[in-house]
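> Sequence plus predicted model, see below.
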Amino acid sequence: MVIRRLQNWPFDGFSGGVSELDQLRRDLGHLFNGLSRVNGWDSPAGVYPLMNVSQDSENVYVRSEVPGMTLDQLEVSVTGRNLTVTGERAIPDEQSDVRYHRREREAGKIRRQLTLPTDVDSERVQAKYQHGILMVVLPKAEKAKPKKIAITG
Amino acid sequence: MTTQTQDIQVRDKREVKSDAEQTTPGRVFSPNVDIFEDDQALTIVADMPGVPSENVSIDLRNDVLSLSGVPSVSVPEKEEHVLREYETGKYFRQFTLSEVIDQEHIEAKLNNGVLRVTLPKVGPAKPRKIQITEG
């Protein structure tokens, strides 16, 4: 399995773009997580909820899949460059006379900290929860925004 | 701190392995579900984050229930990815039902990315007494 992965490594000019590298990075992350469970390290990756981070020139966007929560169960805070999302996902009990066939959905605490790629203006951070996705929009601090430099001849 | 709730563990989304090829691009994942039943109904609860209600389809034919959902586009083109820990894609999962379901009264609700489908059972067939007449 590992050997096949190595052979599939996109040496030819990274044609697959970022996503394949990401996939590899994730795979390695899982490998290390597997090891860390054995050795008892605590690695920051592999903590629920998983996050996708993107940016444009104005903002940093953090998205996370946390289905089935309510607004009062989620808490988002920003300190310096650290974004923290905490909460608790509750799955209410059904009536007692039901028989479960499958229980794959999990309830429990969520706690995630993420270091942001740039400084942000923590006063203007906005968070939105829609369709089970938490989206945090973090406006970049003025000094972190790209500046256009006029070139003089 | 005595009654501590456990932290939710990360689990990878399970990609659907299908013999038939997809006609549209993108990955397909199998949503996590809870399935339970009581005397009246069978209920399926599925996590489908990112899917708006208009993009859910529920189909029951020949005792096979298919749930599918397409998430609304979440990352605009102009944004550049910095970190990608999870993949996004369609959701699809099928179940074979052993009970006879009252198809007219299937109910589905979608709330914060959680789909809840209630499939009422058809009441037990009432024993019909057949009168035997002598003659």
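Received it, and whenever you're ready, just let me know what you need.
> who's the residue nearest in space to the middle of chain A bridged to?
The centroid of chain A falls nearest to A:Met51 when counting by CA atoms, centre = their mean (1.0 Å). Under DSSP bridges, the beta-bridge partners of A:Met51 are A:Ser64.
> can I assume it is in contact with A:Glu65?
No: look at A:Met51 against A:Glu65 with CB atoms under 8 Å: they stay out of range, at 9.0 Å. C-beta coordinates here come from the backbone N, C-alpha and C atoms, glycine included.
> overlap in contacts of the two?
Overlap of the contact sets of A:Met51 and A:Glu65 (by CB atoms under 8 Å, 6 or more residues apart in numbering or on different chains) consists of B:Tyr86.
> Just the pLDDT for residue 46.
Here I'm looking at chain A. A:Gly46 carries a pLDDT value of 57.
> Chain B, not that one
If you check B:Ala46, the pLDDT there is 95.
> That one contacts B:Pro31, correct?
Yes: with contact defined as CB under 8 Å, B:Ala46 reaches B:Pro31; the gap is 4.3 Å.
> quick one: common contacting residues for these two?
B:Leu67, B:Tyr91, B:Arg93, B:Leu115.
> The last one: neighbour count?
As a burial measure, the neighbour count of B:Leu115 was computed by other CB atoms under 10 Å in any protein chain shown and equals 25.
> what about the closest residue to chain A within chain B, distance to A:Tyr129?
In chain B, the residue that lies nearest chain A is B:Gly113 (1.8 Å; CB to the nearest CB). B:Gly113 sits 9 Å away from A:Tyr129, going by CB to CB, to the nearest Å.
> which of those two has more neighbours?
Taking other CB under 10 Å, B:Gly113 and A:Tyr129 do not tie; B:Gly113 has more neighbours (25 against 19).
> and the more buried one, what does it touch?
For B:Gly113, the contact set (CB under 8 Å, 6+ apart) comprises A:Glu65, A:Pro67, A:Gly68, A:His131, A:Gly132, A:Ile133, B:Asp47, B:Met48, B:Pro49, B:Gly50, B:Val51.
> Need the CA coordinates for stretch A:85-95. CSV is fine.
Extracted C-alpha coordinates of stretch A:85-95, given in CSV (Å, rounded to 0.1, in the frame of the first residue of the first chain):
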residue,chain,number,x,y,z
VAL,A,85,-13.6,26.7,18.3
THR,A,86,-15.2,24.9,21.2
GLY,A,87,-18.6,23.3,21.7
GLU,A,88,-20.5,20.3,22.5
ARG,A,89,-22.5,18.2,20.1
ALA,A,90,-25.5,16.6,21.7
ILE,A,91,-27.6,13.9,20.1
PRO,A,92,-30.9,13.9,22.0
ASP,A,93,-32.1,10.5,23.1
GLU,A,94,-35.0,9.1,21.2
GLN,A,95,-37.9,7.5,23.0
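> what residues does that stretch touch?
The list of residues contacting stretch A:85-95 from outside it, by CB under 8 Å, 6+ apart, reads A:49, A:64, A:66, A:68-69, A:73-76, A:105-114, A:134, A:136, B:5, B:8, B:34, B:36, B:38, B:43.
> can you map out the strands along chain B?
Here chain B has its strands, by DSSP state E, at B:14-15, B:28-30, B:33-37, B:41-47, B:56-61, B:64-69, B:80-84, B:90-96, B:107-111, B:114-120.
> B:Ile130 is nearest to which of these?
Closest of the strands of chain B to B:Ile130 is strand B:114-120, at 28.5 Å (criterion: CB to CB).
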